[in-house]
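Peer 1: For reference, the sequence and a predicted model appear below.
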Amino acid sequence: MKHTQPTILFFVFSMFVWVGTTVSAVERDIFDYEGQRSAPDTITKLVFIGDGGTHGGRGNHEFVGGFILMARALHEAYPNVHAVVHSSKNWPKDFSQADAIVVGLNHGERAGKDPEIAKATQRGAGFMAVHFGVEVNAGVAGNNYLDWIGGYFEIGWSVNPWWKPKFNPISNHPTTRGLKPFSLRDEWYYHMRFVKDMKGLTPILSAVAPLNTVRKEKSGRGGNPDVYKAVSKGKPQHVAWAYERPDKGRGFGFTGMHLHANHANDSFRTCLLNGAAWVAGLMIPEGGVPSKTPSEDDLKKLIQEAIAAVKAGR
């Protein structure tokens, strides 16, 4: 992974020299896959994969739209980054140059079993999974996720309630930079299957879950005696975490992002951007990765752009 110091320019397009040519943040096209592949090794390359379908009506599981927002924000913040966005309908076949891979899927099994993603992480590429993308089946994919991000949603162990946690980020981890206490309703999964003793894992967003978010009896994604016992005792539940692998690679898990509208919350959005930047080996400024707060109209336009991208086979 590359560790570089960004030049942060708020609300101004970042400029950099790329093989003798000045290229702005706008000109680093998030759908220019060949341009990213042909970029020099001095450029940090992130590959986002968002599910080509939603999970419910529009505004739910808008992973492509959310990743378009994130990729462009990273371009604005880092002159030496080229991020591209794929939908799951145009799944990348080659991750050999990726410095980081970020997935938001309607179930992460495909990513968890992808041999090319496995090869990328083995050479040190970062990996980040968002919302339903953190859920994989126990076994091959589950073991891979334990290796890549230190945890995953396991059916029969983890739960996926709708609730409004109160987060008070206190870690000194780089991914908490710029985060302020916040509370947002989302489908925040918790009680992940984490690596043994949580070795190498740092909780980033944690909260005590209300007891009414979990069932006492075993019910698939709804509850089980173990999680009920933990919640009954007031044990904080981790919904975002950073993981440093034994091989020094990096992973990040974030269980929210069901609701596209939540990108309007600055701390929510900054946590996602910090996570993506961190797994790619980028330096995170003291105030976190900067980004403009999107308006309701901006968020609607992102959905329309995502629909068009999927239709175009991107």
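Peer 2: That came through fine.

Peer 1: Counting neighbours, what do you get for Ala129?
Peer 2: Neighbour count for Ala129, taken as other Cβ atoms under 10 Å: 29. (C-beta placed from N, C-alpha, C; glycine too.)

Peer 1: same check, this time on Gly288
Peer 2: 23.

Peer 1: Name the nearest residue to it, sequence neighbours excluded.
Peer 2: Spatial nearest neighbour of Gly288, chain neighbours left out: Gly178 (2.2 Å); criterion: Cβ to Cβ, 6 or more residues apart in numbering.

Peer 1: Look up the pLDDT of that neighbour for me, please.
Peer 2: We have a pLDDT of 98 for Gly178.

Peer 1: Which is the succeeding secondary structure element to the helix or strand where Ser206 lies?
Peer 2: Ser206 belongs to strand 201-207 when assigned by DSSP states H and E. Following strand 201-207 in sequence order, the next helix or strand is helix 225-232 (DSSP H and E).

Peer 1: Just the buried residues of that next one, please?
Peer 2: Of all the residues in helix 225-232, those buried under the rule 16 or more other Cβ atoms under 10 Å are 227-228, 230-231.

Peer 1: same check, this time on stretch 38-47
Peer 2: Burial within stretch 38-47, assessed by neighbour count using 16+ other Cβ under 10 Å, is assigned to 39, 43-47.

Peer 1: Repeat that for stretch 109-125.
Peer 2: Those would be 109-112, 114, 117-118, 120-121, 125, for stretch 109-125 by 16+ other Cβ under 10 Å.

Peer 1: Same question for stretch 122-140.
Peer 2: By neighbour count on 16+ other Cβ under 10 Å, the buried set for stretch 122-140 is 125-137.

Peer 1: quick one: Lys119 and Asp94 touch, right?
Peer 2: No - the pair Lys119 / Asp94 is not scored as a contact, 9.9 Å apart, by Cβ atoms under 8 Å.

Peer 1: buried sites along the strand holding Ser206?
Peer 2: By neighbour count on 16+ other Cβ under 10 Å, the buried set for strand 201-207 is 201-207.

Peer 1: Sheet-wise, list the partners of it with their directions.
Peer 2: The strands that strand 201-207 pairs with in its sheet are strand 237-244 (antiparallel) (by DSSP bridges).

Peer 1: Between helix 225-232 and the strand it pairs with, find me the angle.
Peer 2: On the basis of axes from the mean of the first three to the mean of the last three Cα atoms, to 10 degrees, strand 237-244 is oriented at 100 degrees to helix 225-232.

Peer 1: The chain should start at 527 in everything you say after this.
Peer 2: With 527 as the first residue, the last one maps to strand 763-770.

Peer 1: check contacts around Gly578.
Peer 2: Contact partners of Gly578, counting by Cβ atoms under 8 Å, 6 or more residues apart in numbering, are 590, 613-616, 836.

Peer 1: if I've got this straight, Val628 is in a strand?
Peer 2: Yes - read with DSSP: H, G, I helix; E, B strand; the rest coil, Val628 is one of the residues of a strand.

Peer 1: Could you report the neighbour count for Gly579?
Peer 2: Look at Gly579: counted by other Cβ under 10 Å, it has 14 neighbours.

Peer 1: and if you look at Lys619?
Peer 2: 8.

Peer 1: Please name the residues that touch it.
Peer 2: When contacts are counted by Cβ under 8 Å, 6+ apart, Lys619 is found next to Glu642.

Peer 1: What of the one 3 residues further on?
Peer 2: The contact partners of Ser622, by Cβ under 8 Å, 6+ apart, come to 642, 645-646.
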